[in-house]
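# Turn this into a model:
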Amino acid sequence: MNAVAQQQTALSAQPRQQFDLSPQTFDQALQFCDYLAESDFVPKDFKGKPGNCLIAIQWGAELGLKPLQALQNLAIINGRPALWGDAVIALVRSSPLCEYITEGDDGATAVCRVKRRGESEEVRTFSMDDAKVAGLLGKSGPWTQYPKRMRQMRARAFALRDVFPDVLRGMPIAEEVMDIPQAGAASNEQPRAAIEGQADKKLPLYSEADFAANLPKWWDIIASGKKSPEDLIATLQTRARFTADQLKQIRTLPKDEADAPEQGEPQSDVAAAAGGLTQTAVEG
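Numbers count the residues shown, from 1 in each chain. Next up, the predicted model:
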């Protein structure tokens, strides 16, 4: 009787094994992501997108998140993955590197104090004056509806990203990234397009006369194996613009050039042929 009781006690003392759907192989991950993408329990960024689910799960694995945790706490903002603020503080608090995190707000300024083990305390703040300078004050959405919460997220993001970048693997915070896209598009994409447009206008068009004179030299360079057609074209196009017909002619070697054995043409001849670009005629 004692033996039976001891056996029952031993069985009841054993922890119940937790059911875990985390995939163990790549094929399992693909199948799992198909199920997730068809589920109503995933955010819209992952609904019907098994590829997004797979990448999110991998990101989560690198951060120490289970698959479902990753899908619920990762956001895709302007094509970049980011972590929601509560997941950020959870990851840092669970790290043995973190001694403490305290947050406060006096109605105008949010304060986040953090201490990494073996280092001194770090303090980051974010005030309404900071929000005004950043163009966030009065902005429609959360900054108008929940300014205190948004101040808290900003101070938290600065503190945790600065002190625990290794724990967060450099992952940005969603609440912070959400305020960046419009400004980024206005300050980066438009100037880039303008610069590219100016570059096109400054490059001269290669004259037909110079092209006819130098084409045999370029064919020799390609036939000798010094440069491939695409490598040669890439070099030439840094100095001038070429028509589609001219590019086609450069790529199409005459039969005698294509069949000719390599001549071992010295590099100086390659440079000399490319040097014909100095004789370009400026369009218009």
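# Where does the prediction get shaky in the protein?
1-19, 181-202, 256-284 (pLDDT under 70).
# Using the record's assignment, carve it into domains.
Domain assignment for the chain by automatic domain parsing gives 22-77, 87-172, 208-279.
# Out of the ones you listed, which gets nearest to residue 179?
For residue 179, the closest of the domains of the chain is domain 87-172, at 6.0 Å, according to Cβ to Cβ. The way it works is simple: take the backbone N, C-alpha and C, and place the C-beta from them, glycine included.
# Would you work out how far apart the start and end of the closest one are?
In domain 87-172, first residue to last residue: 12 Å (Cα to Cα, to the nearest Å).
# Tell me how far the closest residue to residue 77 other than its chain neighbours lies from residue 154.
Nearest in space to residue 77, with sequence neighbours left out and distances taken as Cβ to Cβ, 6 or more residues apart in numbering, is residue 177 at 4.7 Å. According to Cβ to Cβ, to the nearest Å, residue 177 and residue 154 sit 12 Å apart.
# Those two: which has the busier surroundings?
residue 154 (25 against 19; other Cβ atoms under 10 Å).
# Can you dump the C-alpha atoms of whichever helix or strand that one is part of in CSV for me?
Using DSSP states H and E, residue 154 sits within helix 147-163. In CSV, the C-alpha atoms belonging to helix 147-163 read as follows (Å, rounded to 0.1, in the frame of the first residue of the first chain):
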residue,chain,number,x,y,z
PRO,A,147,0.1,62.4,-24.7
LYS,A,148,1.2,61.0,-21.4
ARG,A,149,1.5,57.5,-22.7
MET,A,150,3.4,58.7,-25.8
ARG,A,151,5.9,60.6,-23.6
GLN,A,152,6.4,57.5,-21.6
MET,A,153,7.1,55.4,-24.7
ARG,A,154,9.6,57.9,-26.0
ALA,A,155,11.5,58.1,-22.7
ARG,A,156,11.4,54.3,-22.4
ALA,A,157,12.6,53.8,-25.9
PHE,A,158,15.6,56.1,-25.5
ALA,A,159,16.6,54.5,-22.2
LEU,A,160,16.3,50.9,-23.1
ARG,A,161,17.8,51.2,-26.6
ASP,A,162,20.8,53.1,-25.3
VAL,A,163,21.5,50.8,-22.3
